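Asker: below: sequence and its predicted model.
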Amino acid sequence: MSKLYFSLQEANELIQRISPRVQRIIQLRDELNLLDNTKIEFDNESIENYLLEVELNKSFHEKNLEMYSLLGELIREGCLIRDLEELEIDFYSKYNERDITLCWKPGQEKIFYWHFPHEAHRKKRSINEIEKKYLEKLNELK
């Protein structure tokens, strides 16, 4: 599958559509962390205890399947999931004929930062730079 490129406006519109799924991924991630860190020791070997353990394992795997299915959907729509714990999501775009990634984190209403794909997230730049260049180009066309 080739890269999908988005304008800033298209990426911000996509954020609105994917936000419910991203929130569900966050919820599932947190539930999985809780289940994974819950250790149950039984005092006796009863059928009920074994069934409880099976149900907990079943729940863990069902949540994993749902979370990774949602992640796959987002990736197919053009989202780059950089970090599952922080859940930073990037979108490919172009700026001055070069590939860039537009950066978004859940909780933000729109994209505020971008960086070149080969750069670390620590080198994020303000989206205002791109917006300013766009307005300058529009004024040149008038």
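Answerer: It's in.
Asker: rest of the way, CA atoms for contacts and neighbours
Answerer: Will do.
Asker: now the one helix or strand Leu65 maps to: mean pLDDT?
Answerer: Assessed by DSSP states H and E, Leu65 sits inside helix 47-76. Regarding helix 47-76, the rounded mean pLDDT is 93.
Asker: what of stretch 90-97?
Answerer: Averaging pLDDT along stretch 90-97 yields 92.
Asker: buried stuff in it?
Answerer: Asp90, Phe91, Tyr92, Ser93 (16 or more other CA atoms under 10 Å).
Asker: what do you get for stretch 114-131?
Answerer: Trp114, His115, Phe116, His121, Lys124, Arg125, Ile127, Ile130.
Asker: between the residues you listed, which is nearest Glu66?
Answerer: Ranked by distance to Glu66 (CA to CA), the buried residues of stretch 114-131 are led by His121 at 27.8 Å.
Asker: local confidence estimate at that closest one?
Answerer: His121 carries a pLDDT score of 66 in this model.
Asker: touching stretch 5-14 from outside, list them.
Answerer: Gly78, Phe91, Tyr92, Ser93, Lys94, Leu102, Lys110, Ile111 (CA atoms under 8 Å, 6 or more residues apart in numbering).
Asker: also stretch 73-82?
Answerer: With CA under 8 Å, 6+ apart as the test, stretch 73-82 has contacts from Lys3, Leu4, Tyr5, Ile18, Leu71, Leu87, Glu88, Ile89, Asp90, Phe91, Tyr92.
Asker: thank you kindly, that will do.
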